[in-house]
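# Predicted coordinates and the sequence they were generated for:
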Amino acid sequence: MPPSLKESDGTLKAPSPGKGMLYVYRPSAFYGGGVFYDLHDSAQGDKVLGTITSGSVIAAELEPGSREIWAKTEAKVSVPVTIEAGKTQCVKAGVGMGLLVGRPTLEKAALDQCRKEVSKIVLERKKREEEAQKGDDLGFGFAHKKR
């Protein structure tokens, strides 16, 4: 889980003064679940912000300004994002059909939608981690009974 999310409920963190927050999230999905890709920020020399996987969230505190957030598997896709001081922007990631491997999808998301979906991702991950600690999860979402 990103350190900028409150572990208890997955609420979004407010940015530091003079900065803006960007959340890129990808809901859990069976289709394309094994596909992952790096997210890049054009305003930072195409720096990698993190690797997005099924059921993950990347949170980045950034300097204000316009940028392209992009990803690539067999095809490169991007979404324009303008970071404003004191504000939060969200991008929903996913996987679309590709010739050999799934292609990244990136689209801007409304803040209310983002809050709900990020919270759901964080709570699902927390639940899986708790089940794994108890030994009730085989790591594939299938529970087994202790004898």
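That came through, no problem.

# what bits of the chain have low per-residue confidence?
Scanning the chain for pLDDT under 70 picks out 1-10, 30-33, 98-100, 135-147.

# Show me the helices in it, by range?
Read by DSSP state H, the chain holds these helices, from start to end of the chain: 111-134.

# Now find how far off-centre stretch 123-131 is within its chain.
Its chain's C-alpha centre and that of stretch 123-131 lie 16 Å apart, by Cα atoms, centre = their mean, to the nearest Å.

# give the contact list for Ala85.
Ala85 makes contact with Pro15, Pro17, Gly18, Lys19, Gly20, Pro64, according to Cβ atoms under 8 Å, 6 or more residues apart in numbering. To be clear about C-beta, it is placed using only N, CA and C from the backbone, and glycine gets the same treatment.

# switch the cut-off to 7 Å
Contacts for Ala85 were tallied using Cβ atoms under 7 Å, 6 or more residues apart in numbering; they are Gly18, Lys19, Gly20, Pro64.

# how much space between it and Thr11?
Distance, Ala85 to Thr11, using Cβ to Cβ, to the nearest Å: 20 Å.
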